[in-house]
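Peer 1: below: sequence and its predicted model.
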Amino acid sequence: MASTASDTQLVAKEPSEPPKKPDEKKTKFDVIIIGAGPAGYTAGIYSSRARHETLILSGILPGGQLVNTTDVENYPGFEKAIMGPDLMIAMRKQTESMGTKIVDDEVVNVDFKHKPFKVLTASEEYEAKAVIICTGANPRKLGLEGEKTFGGKGVSYCATCDGPFFRNQELVVAGGGDSAIEEATFLTKFASTVHLVHRRDKLRASKVMQERAFADQKIKVHWNKRVEEILGNEKVQKVVLTDTKTNEKTTLEVGGIFVAIGHDPNTKLFANQIDLDDQGYIILKENTKTNVQGVFAAGDVHDRRYRQAVTAAGFGCMAAIDVDKYLSEN
Ligand code: NAP
């Protein structure tokens, strides 16, 4: 097994016998992890291997954003693309095999003001010495029927993840912020033309990003246009736009649409207890530490920059190592 300098302290503690099976009735844990995407599962693996009794409360739909993804070809370890749901099932099995208890229940409240911390679901009250928040973020949706119909079939929310599947095709990017420009610029590596569709006549993106987009011959900006419909048979074939001023409709024949209109971090539960920035992302004080001693965060819930499964997994590892240090010092 490859080991890095940062995980040697955890490896050193590993005993020879297999981990104990979690007790079904148990409600008191060393570590509770809220959320079961790549960050949550990786935190679980590292925490259990460090022999901390660890619970993951996964929410009702475990697996995070990758559950809605088809081919994943940028997660290391797979020679051929792996389906998002299969990757998440594999992560879950690996985490359980380390001894982490996983409960598919939704957290409805938390109390980080007193120790031990309390984490409540509708039916149970759990306690922990440390908590890792891995609740992720959701890409904002346009709210169109076609987004559901063609999810993974031409509708995407991540150019880094799905761009290479659209070589030599025309594509739409919806949005006018930095993300939209970044996605559009990245997609020019693959697409023949990128139609940037924005609902106003001014981009929200920073000037430097705008200049980059305007200078790119492959990016065509459609001002004052709203994406009205996404159409196709098996896959996306057409995107219908409506002019926000004249109501005139135009149709673009494209192979896909990337929606880049922002993300919403899942932090409502923590709003009064954990410091959040103006867009609701958790603010980290140092490494993976939040403003509350003993509460840590990992993945898209604090990371608006990278938003990748592999970076979320990396943050999960870092948070578990930080928790291990915290527990040994307290
Ligand atoms: P954002 O700045 O909130 O921009 C969202 C864009 O989507 C806006 O142009 C908005 O239009 C549009 N939009 C929102 N809802 C829409 C809807 N229902 N239909 C159509 N369009 C809609 O989000 P972001 O671009 O994801 O950026 C988020 C933050 O991350 C920003 O602070 C950004 O600077 C930062 N970021 C930085 C980088 C970088 O520096 N490389 C890259 C990505 C993100 P309006 O303009 O009309 O409101």
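Peer 2: The structure has been received and is ready for your questions.

Peer 1: what count of nearby residues applies to the residue in the chain positioned nearest to the ligand?
Peer 2: Proximity of the chain to the ligand (Cβ to the nearest ligand atom) peaks at Gly177, 2.4 Å away. Using the backbone N, CA and C atoms, a C-beta is placed for each residue, glycine as well. By the criterion of other Cβ atoms under 10 Å, Gly177 has 17 neighbours.

Peer 1: contacts only, for it.
Peer 2: Listed by Cβ atoms under 8 Å, 6 or more residues apart in numbering, the contact set of Gly177 reads 203-205, 260-262.

Peer 1: select only the buried ones of those in PyMOL?
Peer 2: Here is the PyMOL command that selects the buried residues among the contacts of Gly177 (16 or more other Cβ atoms under 10 Å):
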select buried, resi 203+204+205+260+261+262
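
Peer 1: let's have the contacts of Gly177 in CSV, adding secondary structure.
Peer 2: Below are these laid out as CSV (DSSP: H, G, I helix; E, B strand; the rest coil):
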residue, secondary structure
Leu203, coil
Arg204, coil
Ala205, coil
Ala260, coil
Ile261, coil
Gly262, coil
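
Peer 1: and which of the contacts of Gly177 is nearest to Leu87?
Peer 2: Leu87 lies nearest to Ala260 out of the contacts of Gly177, by Cβ to Cβ, at 23.2 Å.

Peer 1: contacting residues for the closest one?
Peer 2: 157, 159, 173-175, 177, 179-180, 182-184.

Peer 1: before we move on, what about Ile56?
Peer 2: Per Cβ under 8 Å, 6+ apart, neighbours of Ile56: 32-36, 40-41, 44, 95, 100-103.

Peer 1: those residues in strands, which ones?
Peer 2: For these, the ones inside strands are 32-34, 101-103, with DSSP state E as the criterion.

Peer 1: what residues does the protein put near the ligand?
Peer 2: Neighbours of the ligand within the chain, by Cβ under 6 Å from any ligand atom: 140, 142, 174-180, 182, 199-200, 204, 261-262, 304.

Peer 1: what subset of those is buried?
Peer 2: Buried subset of those (neighbour count, 16+ other Cβ under 10 Å): 142, 174-180, 182, 199, 204, 261-262, 304.

Peer 1: could I get those as TSV with distance to Lys238?
Peer 2: Output for these, formatted as TSV (distance: Cβ to Cβ, whole Å):
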residue	distance to Lys238
Leu142	15
Ala174	14
Gly175	19
Gly176	22
Gly177	25
Asp178	28
Ser179	24
Ala180	20
Glu182	25
Arg199	19
Arg204	27
Ile261	20
Gly262	25
Arg304	32
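
Peer 1: which other helices and strands contact the helix or strand where Tyr126 lies?
Peer 2: Following DSSP states H and E, the helix or strand that holds Tyr126 is strand 125-133. On a contact count with 3 or more Cβ pairs under 8 Å, 6 or more residues apart in numbering; DSSP states H and E, strand 125-133 meets strand 28-34, helix 38-49, strand 54-57, strand 117-121, strand 295-297, helix 309-329.

Peer 1: buried set for the fourth one?
Peer 2: Read it as strand 117-121. 117-120.

Peer 1: ok, now the fifth one?
Peer 2: In terms of neighbour count (16+ other Cβ under 10 Å), strand 295-297 has its buried residues at 295-297.

Peer 1: what does the longest one give?
Peer 2: Of the residues in helix 309-329, those with enough neighbours to count as buried (16+ other Cβ under 10 Å) are 309, 311-324, 326-327.

Peer 1: list the helices and strands that helix packs on?
Peer 2: helix 8-12, strand 28-34, helix 38-49, strand 125-133, strand 295-297.

Peer 1: likewise for the shortest one?
Peer 2: When contacts are defined as 3+ Cβ pairs under 8 Å, 6+ apart, strand 295-297 sits against strand 125-133, helix 309-329.

Peer 1: ok now stretch 154-166, how far from the chain's centre?
Peer 2: Taking Cα atoms, centre = their mean, to the nearest Å, one finds stretch 154-166 lying 15 Å from the centre of the chain it belongs to.
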